[in-house]
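Colleague: Make a model of this:
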Amino acid sequence: MAADRPVRPEADAGDAALAVKLMQEAASATLAFIADGQPYAAFKAPALGADGAPLILASDLSAHGRALGGALADGGAASLLFSGAVNPKQPLKTARLTVQGTVQPPLEQDRAAYLAARPESALYIDFGDMKLYRLALTSAHLVAGFGRAVTLDPGMIKLSTGNP
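Modeller: From the prediction side, this is the model:
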């Protein structure tokens with residue numbers, strides 16, 4: 001590698017646009033957190049709030065739903081991994097975004113945003129055990145393929161969504 005080429009380049013507007021695209025187009029994402037001192041991951045169908053914050057619907061009957069409720073109560077953190085289309089022959093070239101943040105209660109408009117993105121959830125979103133959470137982003141890490149990884153400030157993602 002040339003001496004003048006940085007190992008970890010600074011994130012730019014193109015990186016931010018790719019990060020937003022991965023979040024907007026995600027049919028699913030992997031939710032990760034620590035529960036009872038152990039790492040845990042769950043398959044979820046996220047949506048985005050009007051401000052670009054990831055939204056997660058979970059049942060209190062599930063381990064991850066209870067963990068999200070606990071994280072909400074104590075200001076805990078969670079992470080979501082969004083992935084682009086995977087090439088099975090070269091999976092490490094797949095663009096992917098990991099976002100980290102604190103679990104927060106939904107804003108008033110988040111329910112409508114979730115239902116617009118996930119209309120099938122209208123069947124169960126109002127069940128007593130179902131809760132909607134939002135992830136207030138604190139950091140984001142984009143891997144745009146093999147050898148291209150950058151850390152994004154959450155403000156870059158928010159700005160690139162066109163939301164205030």
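
Colleague: Next one: the spatially most central residue of the chain relative to Phe146, how far apart?
Modeller: Compute the mean C-alpha point of the chain, and by Cα atoms, centre = their mean the closest residue is Leu80, 3.9 Å away. Distance, Leu80 to Phe146, by Cβ to Cβ, to the nearest Å: 22 Å. All C-beta atoms are positioned from the backbone trio N, CA, C, and that covers glycine.

Colleague: need the contact list for the residue nearest to the centre of the chain.
Modeller: 29-32, 44, 46, 54, 56, 98-99, 135 (Cβ atoms under 8 Å, 6 or more residues apart in numbering).

Colleague: can we see that at 7 Å?
Modeller: 29-31, 46, 54, 99, 135 (Cβ atoms under 7 Å, 6 or more residues apart in numbering).

Colleague: which element is Leu115 on?
Modeller: helix 110-117 (DSSP states H and E).

Colleague: Low-confidence stretches in the protein?
Modeller: 1-8, 159-164 (pLDDT under 70).

Colleague: Show me which strand runs longest in it.
Modeller: Assignment by DSSP state E gives strand 130-143 as the longest strand of the chain.

Colleague: returning to that earlier point: residues touching the helix holding Leu115, excluding its own?
Modeller: For helix 110-117, using Cβ under 7 Å, 6+ apart, the contacting residues are 47-50, 55, 57, 121-122, 125, 132, 134.

Colleague: what do you get if the cut-off is 6 Å, keeping everything else the same?
Modeller: For helix 110-117, the external contacting residues (Cβ atoms under 6 Å, 6 or more residues apart in numbering) are 47, 49-50, 55, 122, 132, 134.
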